[in-house]
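Asker: sequence plus predicted model, see below.
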Amino acid sequence: MAAAPGLHDRLRNATSAAHRRLEADLGLATPTVSRAHVVRLLERFHGFHAAWEPSLEGKVPDAIRLPRLKLPLLRDDLAGFGFDSDRLRSLPQCEEAPALCSSPAQAAGTLYVLEGATLGGRMIGRALQDASWLGGRTLRYWNPYGADTGRRWQETLGYLEALPAAAWAQAISSAIATFDLLHAWLLAPCASSEATTP
């Protein structure tokens, strides 16, 4: 008799359609993606993480949370496109993001989505690496862990699978809501504040 699916399998099944939709609509896995499009998405990811990461505190153990904070990487990536500290502070933040982490179970669901993105992020990084406008630079946000990507993902899965079954429904609902919010936030029409590259 096959074992009942764990939380990871349930999360993957529940979010697969939303995952495919977001991946396709971001339009990053192509060598012809423009500088303006990538910078705009980095701005929007910055706005999401700036609001979301503080809300993880107290909801996710520090041993899991702290190594996975990516806001400093986004700041470095945007600095490479000419964003100074004042410009970074002026970027809009996703005000709805903290509500995704109202409980530890909900925070776990959002963590699944954002950490799962690091696996596909390596492919995005490879697709972008030959873009002439990058000048040979590497965007750190899409490859935050380098050779440790697999190990970090397994640690995340271990944390998720250790959650009590009573928390699973909340985690799954939160993961779905996270994909929906990311889609709306990242793809909302807005003017980029991109600076001229020095």
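Answerer: Nice, thanks for sending it over.

Asker: only C-alpha atoms for contact and neighbour calcs from this point on.
Answerer: Noted.

Asker: avg pLDDT for the host helix or strand of residue 37?
Answerer: Element membership for residue 37 (DSSP states H and E) is helix 35-56. If you average the pLDDT over helix 35-56, you get 97.

Asker: counting by contacts, list what the helix or strand that comes right after that helix packs against.
Answerer: On the C-terminal side of helix 35-56, the closest following helix or strand by DSSP H and E is helix 62-65. On a contact count with 3 or more CA pairs under 8 Å, 6 or more residues apart in numbering; DSSP states H and E, helix 62-65 meets helix 149-161.

Asker: tell me the first helix or strand C-terminal of the helix it packs on.
Answerer: helix 168-187.

Asker: report the buried residues of the helix holding residue 37.
Answerer: Of all the residues in helix 35-56, those buried under the rule 16 or more other CA atoms under 10 Å are 39-53, 55-56.

Asker: again, but for stretch 93-107
Answerer: Within stretch 93-107, the residues that count as buried by 16+ other CA under 10 Å are 93-94, 97-98, 100-101, 103-107.

Asker: kindly export stretch 44-61 (C-alpha atoms) in CSV.
Answerer: The C-alpha trace of stretch 44-61 is given here as CSV (Å, rounded to 0.1, in the frame of the first residue of the first chain):
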residue,chain,number,x,y,z
ARG,A,44,8.9,44.4,-7.7
PHE,A,45,10.6,41.4,-6.0
HIS,A,46,12.4,43.9,-3.8
GLY,A,47,9.0,45.4,-2.9
PHE,A,48,7.6,42.0,-2.0
HIS,A,49,10.6,40.8,0.0
ALA,A,50,10.9,44.2,1.9
ALA,A,51,7.4,43.7,3.2
TRP,A,52,7.3,39.9,3.5
GLU,A,53,10.7,39.0,5.1
PRO,A,54,10.1,40.9,8.4
SER,A,55,6.7,39.1,8.8
LEU,A,56,8.5,35.7,8.9
GLU,A,57,10.2,36.7,12.2
GLY,A,58,8.6,34.7,15.1
LYS,A,59,6.7,32.5,12.6
VAL,A,60,9.7,30.6,11.1
PRO,A,61,12.6,29.4,13.2
